[in-house]
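Asker: the sequence isn't on hand, but the structure is:
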C-alpha cells in the first residue's frame with residue numbers, strides 16, 4: 001500500500017480510507033487479489049518454477065509466497081498448477 005500511495009502522492013492511510021469507502025475492502029486486499037491473479041496466470045501459462053514466480057511477483061522468500069498463496073486459495077501453488085495445467 002505504501003508504494004502505491006507514494007506513486008499517487010498520497011498517504012497510505014488516505015489511500016486505504018478512500019478505497020475502503022468505495023469498495024468495502026482495504027487497498028491491501030485489492031493488491032493481494034491482483035498478485036493472486038497474476039500468480040495463477042503464471043502457474044497456468046508459464047513453465048517457470050514456483051520459486052521464480054514468487055521472485056517475479058516481488059517475493060524474496062518463496063516460502064512466504066507459498067504460505068500466502070495457500071492461505072488465500074486453499075491449495076498450494078503446486079496443486080493449483082497440477083489442477084489447471
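Answerer: Arrived safely. As the structure is a prediction and not an experimental result, all values here were calculated from the model.

Asker: so what's the residue nearest to the spatial centre of the chain up against?
Answerer: Nearest residue to the geometric centre of the chain (C-alpha atoms, centre = their mean): residue 35, 2.4 Å. Going by C-beta atoms under 8 Å, 6 or more residues apart in numbering, residue 35 touches 57-58, 68. Just so you know, the C-beta spots here come from the backbone N, C-alpha and C atoms, and that holds for glycine as well.

Asker: which of the residues you listed ranks first by neighbour count?
Answerer: residue 68 (19 neighbours; other C-beta atoms under 10 Å).

Asker: now do the buried residues in the lengthiest helix in the chain.
Answerer: The helix that spans the most residues within the chain, counting by DSSP state H, is helix 27-45. Across helix 27-45, burial judged by 16 or more other C-beta atoms under 10 Å covers 27-28, 35, 39-40, 42-43.

Asker: now for residue 64: which residues touch it?
Answerer: When the contact criterion is C-beta under 8 Å, 6+ apart, the partners of residue 64 are residue 54.

Asker: sorry, that was for residue 11
Answerer: Contacts of residue 11 (C-beta under 8 Å, 6+ apart): residue 5.

Asker: do the same with residue 73
Answerer: Per C-beta under 8 Å, 6+ apart, neighbours of residue 73: 36, 40, 80.
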